[in-house]
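Enquirer: Sequence plus the predicted model coming up.
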Amino acid sequence: MNNFRNLDVWDKAVELATYVYQITENFPKTETYGLTSQMRRSAISISSNIAEGAGRGSKKEFSHFLNISMGSCYELETQLTISQNLQFLNGVDFEKISDKLIEIQKMIYSLRKSLNA
């Protein structure tokens, strides 16, 4: 249906996942299988579901995968909040990644809206 590589939202989601990997490198080793793993999986899921949906044969299927991607955004947002509460993230990193995440959420919403129009 669409070439996901041409979607700006996919590019930004890949950048976000890369950034999540970088910031979670500094998390405590005790969180390797906890928040670190969860955050990385959530972040990867955002771009992966955009790509998978774009490769599907219909707008309805693409929209479904965008819904899954949006759910992953909300998961990551929750995990970021918990990480900040536990002081695993400093304020600057939290704000930077939160801003990127909000931008991606808005882009997914707009894309989904355009598919359902």
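Expert: Happy to help now that I have it. Residues are numbered from 1 along each chain as shown.
Enquirer: Is residue 88 part of a helix or strand, or is it coil?
Expert: Per DSSP: H, G, I helix; E, B strand; the rest coil, the secondary structure class of residue 88 is coil.
Enquirer: tell me the contacts of the residue nearest to residue 44 when sequence neighbours are not counted?
Expert: With sequence-adjacent residues excluded and distances taken as Cβ to Cβ, 6 or more residues apart in numbering, residue 44 is closest to residue 17, at 5.1 Å. Quick note: C-beta positions are derived from backbone N, CA and C, even for glycine. Contact partners of residue 17, counting by Cβ atoms under 8 Å, 6 or more residues apart in numbering, are 40, 43, 44, 46, 47.
Enquirer: Now intersect those residues with the helices, please.
Expert: Mapping the contacts of residue 17 onto helices (DSSP state H) picks out 40, 43, 44, 46, 47.
Enquirer: want to try a markdown table for the residues you listed, with neighbour count as columns?
Expert: Listed next are the ones in helices among the contacts of residue 17 as a markdown table, based on neighbours: other Cβ atoms under 10 Å:
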| residue | neighbour count |
| --- | --- |
| 40 | 16 |
| 43 | 27 |
| 44 | 19 |
| 46 | 29 |
| 47 | 24 |
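Enquirer: doesn't residue 47 make contact with residue 14?
Expert: Yes - with contact defined as Cβ atoms under 8 Å, residue 14 counts as touching residue 47 (4.8 Å).
Enquirer: closest to residue 113 among the ones in helices among the contacts of residue 17?
Expert: Closest to residue 113 out of the ones in helices among the contacts of residue 17 is residue 46 (17.6 Å), distances taken as Cβ to Cβ.
Enquirer: Can you show me the helices along this structure?
Expert: Under DSSP H, the chain gives helices at 8-24, 35-54, 59-85, 91-116.
Enquirer: how about the first one: buried residues?
Expert: So the one you mean is helix 8-24. Using 16 or more other Cβ atoms under 10 Å as the burial criterion, the residues of helix 8-24 that qualify are 9, 10, 12, 13, 14, 16, 17, 19, 20, 23, 24.
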